[in-house]
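Visitor: Dropping the sequence and predicted coords here.
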Amino acid sequence: PVEEDPEMAAAAEKDLVRAAANPALGTILSRLTGVLRWGAMAYALGRTGLADAYGIANNTPNIIYELVVGGVLSSTLVPLFVNTRRRTKRGETDDGASAIITVASIALIVLSVIGVLAAPWIARAYTLGLEPAARAAQLELTVPLMRLFLPQIFLYGIVSLATAVLHSQHKLSIPAYTPIANNLVVTAMFIAARPLMERVDNGTASMDTLLLVLGIGTTLGVIAQALPLIAPMRDGVVRLRWNLAVTHPVVKRLIRLSGWTMGYVVANQVSLYVVTNLANSGPEGTVATYQYAFAFFQLPHGLIAVSLMTAVLPRLATAFVDENLDAYRANFREGLNVLFTVVLAASAGYVVVAQPVVQVVFQRGAFSASGTDETARTLIAFAVGLPAFSTYLYAVRAFHARQNTRTPFWINTLENSLNIGLAVLLTTRTASGLALAFSGAYLIAAIIAVIVLNYQVRELVDRSLFTMMAKASAAAGATVLGALLPGLPPLSALDWAPVQLILRVALGAVAFVVAVAYLRIDGLDRYVAVLRRKVGPFLPAGLERLLARGGSDEQASAGRNDDTLVE
């Protein structure tokens, strides 16, 4: 292998210890602008049949991309690009990376063309449960939108390829920020589309024009995300060229390494297809309601759990490679400590703030008060499963750290089968019923995943797990009590929804922090320290000191290193 370029090594060190703030801040901003995007969609389309058609059509390129290409590209690209780059001198052409990018690009173009041509048949596959008249009406909306959306398959592939190349060169910031451009473009499109929607309802504008605006505007958002990545990808320390080498060893290795991950992705997409069909056969607006609530459901997981898993995964992988089971157990337990405590509090908080948060973000324009009620119920049904959802994905990461992708595939297949079964058997095809089925499936899958992981890593789960769960439940209870205070006099007099939402979130957060410090939940002070290094002034130093004073006596007596949970 060629010795790594000194400039690249220096860039790697800088990214790992000094520049981690930029991608983390980009992730936070992309999540928040994503909420704005969903709010703008609710304002423009509400919970109408058009909103359902838009949601189905907009998800289709994602589903096809993940089914055919995404599972392969996302699972092993970064390590493969790192390996090929290490074997290439500075300024030389990286034949391996060039072959992957060329072959994948051709496949993406072909897949996009096939998708556009097959749009009518794909749309029919999502309308199986509708009556003939309702099916014909929805196809009139869904097919044109799909034809405008399906070229996004190629764009999503370019985003994945460019992101992997940049990550392999330790350029982390740009891929973290480009989704913001996508969200802002689509948000602006929805705001501009609202007057046109009103004119369509009044009969002074055609539906075809509105569909064209929605389709082109949404695709422009993906273009805005993809374009800024191309130039930095081409300006790397090694050169890329056109290399249509389908039989290149690196291309073969990419496909071979992605087998179990591809199965994992297929199971997810099959479940999503079935649930979408069930929602589409329910009352008008069910698909949109499910998607609106799911966007909020994912917010705490994306902001809290994902950053935590990113911090813990390298530690788990290192402990596995070093055959240090004690370190693996310690890092897994501490990560689960923090994750379960914070996410359980977020789940409990959602139960209290679901109504005002949906009202503040969504209830305007085409989104009515009745839509707020149903979306809030759906959000609560999702929130019940939030701790299980995050715990399950955390356990999957722990399996991957042990270089085990086979076990997660089988557990994930079970989870998706449970989701489908519960959705079919136990719900009335309302959005809230489907969300409850989702939560139930992940609850069972999370328990099974932790049990299987404990079987593979003996003594991974001990009495401390149940102590942690009791403390986390107490902290979640304190969060609920704090969030309920604005509903009592004199704060109840401030009955404007935005003020009530701010008060409930603020007082719930304060109650949570005080409870965690009092209960001495281990690891949260170090997690806050990691976040402060990432997002700087957004988290006060006093919070870290408060939690540090609440650290466990066992930790203090053991003199444990505060860097256990860092990236």
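Guide: Structure's in. What do you need? Just so we're clear, the structure is a prediction, and the values are computed from it rather than from any experiment.

Visitor: Distance of the residue sitting furthest away from the middle of the chain relative to residue 191?
Guide: Largest separation from the mean C-alpha position in the chain: residue 204, at 39.5 Å (C-alpha atoms, centre = their mean). Per C-beta to C-beta, to the nearest Å, residue 204 is found 19 Å from residue 191. Just so you know, the C-beta spots here come from the backbone N, C-alpha and C atoms, and that holds for glycine as well.

Visitor: Can you tell me, leaving aside adjacent residues, what's nearest to the residue nearest in space to the middle of the chain?
Guide: Of all residues in the chain, the one closest to the mean position by C-alpha atoms, centre = their mean is residue 302, 5.5 Å from it. Closest residue to residue 302 apart from its sequence neighbours, by C-beta to C-beta, 6 or more residues apart in numbering: residue 31 at 5.0 Å.

Visitor: Checking that neighbour next. Helix, strand or coil?
Guide: The three-state assignment at residue 31 reads helix, by DSSP: H, G, I helix; E, B strand; the rest coil.

Visitor: how about low-confidence regions in the stretch 151-300 of the chain?
Guide: Applying pLDDT under 70 to the stretch 151-300 of the chain flags the ranges 170, 172, 235-241, 244-245, 250-251, 253-261.

Visitor: cutoff 90 now
Guide: Counting by pLDDT under 90, the ranges of the stretch 151-300 of the chain that qualify are 157-177, 201, 203-205, 229-270, 272-273, 276-277, 280-284, 296, 298-300.

Visitor: need the helices for it, in chain order.
Guide: For the stretch 151-300 of the chain, applying DSSP state H, counting those that start in this stretch gives helices covering 152-168, 173-202, 207-234, 249-257, 259-280, 286-300.

Visitor: any idea how far the third one is from the chain center?
Guide: Taking the mean of its C-alpha atoms, helix 207-234 sits 20 Å from the chain's own mean (C-alpha atoms, centre = their mean, to the nearest Å).

Visitor: Can you give me the buried ones in it?
Guide: 210-211, 213-215, 217-222, 224-226, 229, 232-233 (16 or more other C-beta atoms under 10 Å).

Visitor: relative to helix 207-234, how tilted is whichever helix or strand residue 138 is part of?
Guide: Applying DSSP states H and E as the criterion places residue 138 in helix 132-149. Inter-element angle recorded for helix 132-149 and helix 207-234: 30 degrees (by axes from the mean of the first three to the mean of the last three C-alpha atoms, to 10 degrees).

Visitor: Could you name the helices and strands sitting against helix 132-149?
Guide: Using 3 or more C-beta pairs under 8 Å, 6 or more residues apart in numbering; DSSP states H and E, the elements in contact with helix 132-149 are helix 49-65, helix 119-125, helix 207-234.

Visitor: Dump the first one to PDB, keeping only the CA atoms.
Guide: When you say that, I think you mean helix 49-65. What follows is helix 49-65 as a C-alpha-only set of coordinates in PDB (Å, rounded to 0.1, in the frame of the first residue of the first chain):
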ATOM      1  CA  GLY A  49     -56.000  13.500  -1.200                       C
ATOM      2  CA  LEU A  50     -53.400  15.600  -2.900                       C
ATOM      3  CA  ALA A  51     -51.200  15.500   0.200                       C
ATOM      4  CA  ASP A  52     -51.500  11.700   0.200                       C
ATOM      5  CA  ALA A  53     -50.600  11.500  -3.500                       C
ATOM      6  CA  TYR A  54     -47.600  13.800  -3.000                       C
ATOM      7  CA  GLY A  55     -46.400  11.700   0.000                       C
ATOM      8  CA  ILE A  56     -46.600   8.500  -1.900                       C
ATOM      9  CA  ALA A  57     -45.000   9.900  -5.100                       C
ATOM     10  CA  ASN A  58     -42.300  11.600  -3.100                       C
ATOM     11  CA  ASN A  59     -41.400   8.400  -1.200                       C
ATOM     12  CA  THR A  60     -41.200   6.300  -4.400                       C
ATOM     13  CA  PRO A  61     -37.800   7.300  -5.700                       C
ATOM     14  CA  ASN A  62     -36.400   6.800  -2.100                       C
ATOM     15  CA  ILE A  63     -37.900   3.300  -2.000                       C
ATOM     16  CA  ILE A  64     -36.700   2.300  -5.400                       C
ATOM     17  CA  TYR A  65     -33.200   3.800  -4.800                       C
END
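
Visitor: distance of the residue nearest to the centre of the chain from residue 293?
Guide: 15 Å.

Visitor: ok, now residue 409?
Guide: The spacing between residue 409 and residue 293, counted by C-beta to C-beta, is 28 Å.

Visitor: Next: residue 404.
Guide: If you measure residue 404 against residue 293 using C-beta to C-beta, the figure is 33 Å.

Visitor: of these two, who's got more company?
Guide: residue 293 (29 against 16; other C-beta atoms under 10 Å).

Visitor: I'd assumed residue 378 was in contact with that one.
Guide: Yes. The pair residue 293 / residue 378 is scored as a contact, 3.8 Å apart, by C-beta atoms under 8 Å.

Visitor: Show me whatever sits in contact with both of these two.
Guide: Shared contacts of residue 293 and residue 378, defined by C-beta atoms under 8 Å, 6 or more residues apart in numbering, comprise 431, 435.

Visitor: Tell me how many other residues surround the residue lying closest to residue 331 once chain neighbours are set aside.
Guide: The shortest distance from residue 331 to any non-neighbouring residue, by C-beta to C-beta, 6+ apart, is to residue 315 (4.4 Å). When neighbours are counted by other C-beta under 10 Å, residue 315 registers 22.

Visitor: quick thing: my sequence starts at 25, can you match it?
Guide: Got it, first residue is 25 now, which makes that one residue 339.

Visitor: Wait, a helix at residue 339?
Guide: Yes. Residue 339 sits within a helix when classified using three-state DSSP.

Visitor: how about residue 202, what does it touch?
Guide: 183, 248-250, 252-253.

Visitor: Recalculate using a threshold of 6 Å.
Guide: Residues in contact with residue 202 (C-beta atoms under 6 Å, 6 or more residues apart in numbering) are 249, 252.

Visitor: next one: residue 173
Guide: The contact partners of residue 173, by C-beta under 6 Å, 6+ apart, come to 81-82, 85.

Visitor: change it to 7 Å
Guide: For residue 173, the contact set (C-beta atoms under 7 Å, 6 or more residues apart in numbering) comprises 81-82, 84-85, 239, 242-243.
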